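**Q** model this:
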Amino acid sequence: MKTTLLLSVLCAVMAVAASEVCTSDPCATDEICDTTTTACQCNTALYKLQRGVTPTINFTCTGAKFNIQVSKCWLEKNGYDTSDVRLNSNNITCLAGREVVDGISQMTLHRPLIFSDCNTEALLNETHVIYTNQLLIFGKTDPIRITNDAVLDISCAYPLNVNAKLNVTLRPVIGTTVINGPTANASYVAVMVAFKDSTYTTPLSDANTLKVEETIYISVKVPDLDANTFKLKVVNIYASPTNSSNQKYYLLKNGCPGSYVPPDQLTVESNGVGIESRFPMKVFKISNSDVVYLYADLALCTTDCNSICASQSKDASSPDIAGSVSIFLDASENNYYLDTSSASGFSMPWTLPALIFSWILMKLM
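**A** This is a model prediction of the structure:
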């Protein structure tokens, strides 16, 4: 009797000890605690081997993000390498990580809907901005491979809420980012598009060749913003020869055209009164640079926040910047084609090379 009681006590103690080994990393209901590695391991006995079956993902587009879940233990049972589940990029931030969701061990990814983040692409049609990527799940060789790699297409679409019908191009000049709302409990997708017409209906594309002094039309928009609650304001627009934006040549500052900028270089058509801001802009080049990165600093206001600007003046006040969006312009004098590795660029052969605005723009720093 005593022996039986002692054994029961020892088993209870061992069970408690075993459960405490993984307390820093609580195990899911489909995992067991490995006392040797002190880590949670999949209990693959709970899953069936299903040859030829594509992994099933739980995918949503909420919070201005790709939100992806796929069962970790199902993947391991079916010969996949859960240490290398990722979006179509070699960047370590694009790898999925283990997360327990509703008691089940999942490989999850939460990435913002931003053009070029993890090689996400942004496409445009008549009604939506569409963000696309691929989820890569690789087969494991240990010591043999029993399954092929899986490549799953994913996409999120956001309505443009435009009144005019867009003349859609296959590869528009477009930039996207995610900004936070004033209360910091909501996120919104911001879209920056370059158009070639004053009606803002025909986006620029790789088929367009622009020249210095030609007018293009810049639209910055937050498509899913409630216009009755918030207004979008573009606080600053500046150009830079690098993607680090360390060198800034301001075209718009605190909502008004920058000092020393020619009056028609950038015109404020609409800003701070709705969900879209519009700016006609003359094409220019930065001296000694083959590229131009055009940035827009964004803010969300709870009331109309358009700036009243005297000619060439600067608004004294500025709302808090919620984020920045940019487009990339290929400004090489000898490059007469679009670098199609970027969906946000176009070529600019300079037919008036003497018309260089850097001497004006440098004064704005």
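**Q** Run through this structure and note the low-pLDDT ranges.
**A** 1-21, 23-24, 161-165, 168-170, 183-185, 206-207, 245, 290, 310-317, 330-365 (pLDDT under 70).
**Q** what's the span of stretch 134-147 from first residue to last?
**A** This stretch, stretch 134-147, spans 19 Å end to end (C-alpha to C-alpha, to the nearest Å).
**Q** What are the buried residues along it?
**A** Gln134, Leu135, Leu136, Ile137, Phe138, Gly139, Lys140, Thr147 (16 or more other C-beta atoms under 10 Å). C-beta: built from backbone N, CA, C; applies to glycine.
**Q** for stretch 320-327, same thing?
**A** Result for stretch 320-327 [16+ other C-beta under 10 Å]: buried residues Ala322, Gly323, Ser324, Val325, Ser326, Ile327.
**Q** can you put these in CSV and add secondary structure and distance to Lys233?
**A** Converted to CSV, the buried residues of stretch 320-327 look like this (DSSP: H, G, I helix; E, B strand; the rest coil; distance: C-beta to C-beta, whole Å):
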residue, secondary structure, distance to Lys233
Ala322, coil, 10
Gly323, strand, 12
Ser324, strand, 13
Val325, strand, 13
Ser326, strand, 17
Ile327, strand, 19
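**Q** Just flag the most distant two among those.
**A** Ala322 and Ile327 (18.2 Å; C-beta to C-beta).
**Q** sorry, back to before: just the buried residues of stretch 320-327 now: which is nearest Lys196?
**A** Ile327 (13.5 Å).
**Q** partner residues bridging that closest one?
**A** Leu294 (DSSP bridges).
**Q** gap between whichever strand or helix holds Tyr217 and the chain center?
**A** Using DSSP states H and E, Tyr217 sits in strand 215-221. Between the centre of strand 215-221 and the centre of its chain there are 20 Å (C-alpha atoms, centre = their mean, to the nearest Å).
**Q** Just the C-alphas of that strand, formatted as CSV.
**A** Output of strand 215-221 as CSV, limited to C-alpha atoms (Å, rounded to 0.1, in the frame of the first residue of the first chain):
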residue,chain,number,x,y,z
THR,A,215,2.9,68.0,-66.0
ILE,A,216,2.0,64.9,-64.0
TYR,A,217,-0.7,64.6,-61.4
ILE,A,218,-0.1,63.2,-57.9
SER,A,219,-2.9,61.7,-55.9
VAL,A,220,-2.6,60.6,-52.3
LYS,A,221,-5.5,58.7,-50.9
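**Q** Can you spell out which helices and strands pack onto that strand?
**A** strand 187-195, strand 231-240, strand 276-282, strand 291-301 (3 or more C-beta pairs under 8 Å, 6 or more residues apart in numbering; DSSP states H and E).
**Q** Make TSV from the ones you listed and add distance to Val53 to it.
**A** Shown next, in TSV, are these (distance: least, C-beta to C-beta, whole Å):
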stretch	distance to Val53
strand 187-195	34
strand 231-240	45
strand 276-282	45
strand 291-301	44
